[in-house]
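Student: predicted model and sequence follow; I will ask about them next.
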Amino acid sequence: MTFREAMREIESHALAARLNIASDMRTFLEAAKHEEAVARLLEGLDAPDSRSAVFTRTFELSRQRVDLRYENQWDTALAVYVWVMSAKDQGIATIMAEAVAYAPQCWWATRIARDVLLEGQARSSAGVERHDFTPFPSVEQFSDAGEVVLSAGFVLDIREALELFVAEHDQTVKPDVAQKWSMTQTAYGVGLENPHVETIAA
Amino acid sequence: MPAAMLAAIRIWRAAHPGIRARSASAIYNCMGLVFASRRTWIETEHLHLILREDGYRQFTEPGKLSVGDVVVYKRNGEPSHVAIVLDVEPVIDFRAPFPWVITVMSQWGGDGEYIHRMEDVPQVSLGVPVEYWTERRVV
């Protein structure tokens, strides 16, 4: 099975059905571990091009329009991508998780993204143990309208991570993906001047 | 209905011809069906806390199952699935290893809700039926 075939299989309805039947996260992850395509994906992520392909695809899938009456059909694929990437590169996985956390109608992907983001908080370089773990660690407050206000510090960490990623994979990251990412952050209320659109597009 | 959900129903019907798809929703899991009126997902790790706090009592004889009772499935010794009993029919053949046909209703993760024989589930993910619980005042 090639890496591309593994990605196709991970995004297939058949694999989604096999993983989606789990009633809890433990069963979901165990089932995923036993999938050949997942093992192939993990193995293939040693190559920078493969990491870039999964990174880009995750952003594409997380922004797909979905039928709000049903589960996001990419839920399991997004969950697998973030989970497997977190085993290889926590920095990239954190960027992916930030995008996936806002993908609509997801269950598995949202929970794995949350875990990856929490893990990032736990590894804070400040060396200070945090005790205020919330479901969304980057959320500082909710407005009366339910709008989420993100922690500027957290977003800066993400920004730095994205810049590092882009610097390493300049030839392989699509500018429009990075631009969409920046727009997503703005749409969710980051409220910071974000130089990424120009920097990355250039 | 999304293609992914249709595909899931088709796949499980092919693997378990005796099942009947009742509803195609991923808003709730098996625990949410049994304990939360199909409103949400509840982790199976909370199962025994809920059973205890809601006054359920366990019994060992599947023959004592009645409509509305709860069947708990386990995998590797841990709760992995729950179902609600719909029907208990005795089997007339006394040589049968299990002298009842127990029909249950359960939600298979995010793959939809099914009516099926108690033991007719994908065991790799959902496990096998091992515990029987009721909230009836008299068993």
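Tutor: It's in.
Student: report pLDDT for B:Pro99.
Tutor: We have a pLDDT of 79 for B:Pro99.
Student: do the same with B:Leu51
Tutor: Looking at B:Leu51, its pLDDT reads 96.
Student: does the nearest residue to B:Thr40 once chain neighbours are set aside lie in a helix or a strand, and which?
Tutor: Spatial nearest neighbour of B:Thr40, chain neighbours left out: B:Gly32 (4.9 Å); criterion: CB to CB, 6 or more residues apart in numbering or on different chains. No exception for glycine: its C-beta is placed from N, CA and C like everyone else's. For B:Gly32, the enclosing helix or strand under DSSP states H and E is helix B:30-35.
Student: quick one: the strands in chain B?
Tutor: Under the criterion DSSP state E, strands of chain B are mapped to B:20-23, B:57-59, B:70-75, B:78-90, B:100-107, B:113-117, B:128-134.
Student: please name the nearest non-neighbouring residue to A:Ala31.
Tutor: Among residues not flanking A:Ala31 along the chain, A:Leu19 sits closest, at 5.3 Å (CB to CB, 6+ apart).
Student: which outside residues touch whichever helix or strand the one you found is part of?
Tutor: Using DSSP H and E, A:Leu19 sits in helix A:13-20. The list of residues contacting helix A:13-20 from outside it, by CB atoms under 8 Å, 6 or more residues apart in numbering or on different chains, reads A:9, A:28, A:31-32, A:35, A:37, A:71, A:73, A:75-77, A:79-80, A:108, B:3-4, B:7-8, B:11-12, B:26, B:109-111, B:125.
Student: what subset of those is buried?
Tutor: A:9, A:28, A:31-32, A:35, A:37, A:71, A:73, A:75-77, A:79-80, A:108, B:4, B:7-8, B:11-12, B:26, B:109-111, B:125 (16 or more other CB atoms under 10 Å in any protein chain shown).
Student: quick check: residues of chain B near chain A?
Tutor: By CB under 8 Å from any CB of the partner chain, the residues of chain B that approach chain A are B:1-5, B:7-8, B:11-12, B:24-27, B:29-31, B:41, B:43-45, B:75, B:78, B:80-81, B:108-111, B:122, B:124-126.
Student: what's near enough to touch the nearest residue to A:Gln73 once chain neighbours are set aside?
Tutor: Closest residue to A:Gln73 apart from its sequence neighbours, by CB to CB, 6+ apart: B:Ala4 at 3.9 Å. Taking CB under 8 Å, 6+ apart, we find B:Ala4 in contact with A:His13, A:Ala16, A:Ala17, A:Glu71, A:Gln73.
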